[in-house]
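**Student:** Predicted structure and sequence below. I'll ask about it afterward.
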Amino acid sequence: MIAQLSSLIPTPLHPAVVHLPIALAVLVPLFAVGAVIVIARGAKPLASWGITTALVAALAMSSYIALETGEDQEEKVEAVVPEAAFERHEKSADQFFQLSLLVLGISALGFLPRTAGTGARYIATAGTLVLVFAGYRVGHSGGEMVYKYGAASAYVNPSLPNTTMTVERAIGDTMGPAARKDDDK
């Protein structure tokens, strides 16, 4: 039974989980703006702002999982990707997680009564917009690792030694001997 369940978990796990925090980073500002609008029109903050806060909590939790799975697969990918690219991705992912915790804390203050709660909701809403840009940085640097530096090649054939396979080299390999001769010049 456990073997059957473990076969359902993708390997590597990191690429399978990183999309959730990025998707939430795009969706949360829409809910935050919507909640601020309906609360300004008279809705109770507990129900309206509660959805936004729950989504920010899901964002923080999913970004933590993405961060941890990335660290679990660090050694294998470091053999393929240049250290500077890896560090850039790791740093932007850590900043994204820290920012999501900050926005979650401010979101929780949005339940305070009167001016304090209103101010916290506005600040948290602005924070969700900042999360969109922070998420873009993480996604861009991760995509660069995969598509520019060939991070996925670390998992293609585990019996082979790790080698760097750039997109340019992969395209050159599919273009035949004539293309490779031009690369040798």
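**Tutor:** Yep, that arrived. Computed from a prediction, not measured in an experiment: that's the story for all the values here.

**Student:** Tell me where the model's unsure across this structure.
**Tutor:** Along the chain, the parts satisfying pLDDT under 70 run over 1, 3-7, 10, 157-185.

**Student:** ranges for the helices of it?
**Tutor:** Along the chain, the stretches classed as helices by DSSP state H are 2-6, 14-17, 19-40, 45-72, 74-78, 83-109, 114-147, 153-156, 167-174, 177-184.

**Student:** Would you format these as a markdown table with mean neighbour count included?
**Tutor:** Glycine gets a C-beta too; all of them are placed from N, C-alpha and C. Shown next, in a markdown table, are these (neighbours: other C-beta atoms under 10 Å):
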| stretch | mean neighbour count |
| --- | --- |
| helix 2-6 | 7 |
| helix 14-17 | 18 |
| helix 19-40 | 18 |
| helix 45-72 | 19 |
| helix 74-78 | 15 |
| helix 83-109 | 18 |
| helix 114-147 | 17 |
| helix 153-156 | 17 |
| helix 167-174 | 12 |
| helix 177-184 | 9 |
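
**Student:** Tell me how far the closest residue to R121 other than its chain neighbours lies from L13.
**Tutor:** What sits nearest to R121 in space, not counting adjacent residues and going by C-beta to C-beta, 6 or more residues apart in numbering, is G110, at 4.1 Å. Distance of G110 to L13, given as C-beta to C-beta, to the nearest Å: 33 Å.

**Student:** can you tell me how far the residue nearest to S63 when sequence neighbours are not counted sits from L131?
**Tutor:** Leaving aside its sequence neighbours, S63 sits nearest to P21 (C-beta to C-beta, 6+ apart; 4.1 Å). Going from P21 to L131 by C-beta to C-beta gives 9 Å.

**Student:** Show me whatever sits in contact with both of those two.
**Tutor:** 59, 96, 100 (C-beta atoms under 8 Å, 6 or more residues apart in numbering).

**Student:** what distance separates stretch 113-132 from the centre of its chain?
**Tutor:** Computed by C-alpha atoms, centre = their mean, to the nearest Å, the chain-centroid distance of stretch 113-132 equals 22 Å.

**Student:** correction: stretch 97-111
**Tutor:** Here the centre of stretch 97-111 is set off from its chain's centre by 17 Å, with C-alpha atoms, centre = their mean.

**Student:** what about the residue nearest to R121, neighbour count?
**Tutor:** Counted with other C-beta atoms under 10 Å, the neighbours of G110 add up to 27.

**Student:** surely it meets A124?
**Tutor:** Yes: contact criterion C-beta atoms under 8 Å: G110 and A124 qualify, at 5.7 Å.

**Student:** Since that was my last question, I'll sign off now.
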